[in-house]
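K.L.:
using only what follows, build the 3D model:
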Amino acid sequence: MPAFNIDSDWKIVQSNGPIVTVHLHRIPAATPSGWQFEGQAEYGSVRSSDFLEPGQGSVKGVRARIEGDGPGSTITLMINWSDGNRGEYHGTFSPFLPGLGSRLTGYTFDVRNPNSQATWRSDDYFR
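P.N.:
You can find the predicted model right below:
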């Protein structure tokens, strides 16, 4: 098993506004060095009150892969949005904080428009 459990529902908070909720479950890995996941996602935008607007996007599918086994491990998520866009998310697990776990941080871009980029972080810690 990977060092951190992402086999759940969690949120990606993007620097450009959207908050993406992902629902992942583990699938058999194609390579011995990685853990693979699949699932679904949806997103909304942040208002000034920091609450989500109603879901503004849905997804056709999510695939994710973790490489490594502990802090510094990397994750890649490919999100195929129902509008035809494809988001590529790259992240790294932070050092483990006692009592909290490890947080993901990284960058994302739209595969069809690579100049559309943002940084992101997970809203929670993973153990």
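K.L.:
partner strands of the host helix or strand of Pro114, with direction?
P.N.:
For Pro114, the element it lies in under DSSP states H and E is strand 113-122. If you go by DSSP bridges, strand 113-122 pairs up with strand 9-14 (antiparallel), strand 104-110 (antiparallel).
K.L.:
what does the longest one contact?
P.N.:
Under the contact criterion C-beta atoms under 8 Å, 6 or more residues apart in numbering, strand 104-110 has outside partners 12, 14, 75, 85-94, 115-122, 126. C-beta here means a position set from N, CA and C on the backbone, and glycine is covered the same way.
K.L.:
list the buried residues of the strand holding Pro114.
P.N.:
Residues Ala118, Trp120, Arg121, Ser122 are the ones in strand 113-122 that count as buried (16 or more other C-beta atoms under 10 Å).
K.L.:
for the third one, what are its contacts?
P.N.:
Arg121 makes contacts with Ile12, Val13, Arg103, Leu104, Thr105, Gly106, as judged by C-beta under 8 Å, 6+ apart.
K.L.:
in the sheet, who's paired with the last one?
P.N.:
Note on Gly106: beta-bridge partners by DSSP bridges are Gly91, Trp120.
K.L.:
what's the neighbour count on Trp35?
P.N.:
Trp35: 23 surrounding residues under other C-beta atoms under 10 Å.
K.L.:
whoops, Ile79 was the one
P.N.:
For Ile79, using other C-beta under 10 Å, the count is 25.
K.L.:
for it, which non-adjacent residue is spatially closest?
P.N.:
Gly87 (4.3 Å; C-beta to C-beta, 6 or more residues apart in numbering).
K.L.:
which stretch of helix or strand covers the one you found?
P.N.:
Element membership of Gly87 [criterion: DSSP H and E] is strand 86-93.
K.L.:
now do that strand, average pLDDT.
P.N.:
In this model, strand 86-93 has a mean pLDDT of 91.
K.L.:
packing partners for that strand?
P.N.:
Counting contacts by 3 or more C-beta pairs under 8 Å, 6 or more residues apart in numbering; DSSP states H and E, strand 86-93 packs against strand 74-81, strand 104-110, strand 113-122.
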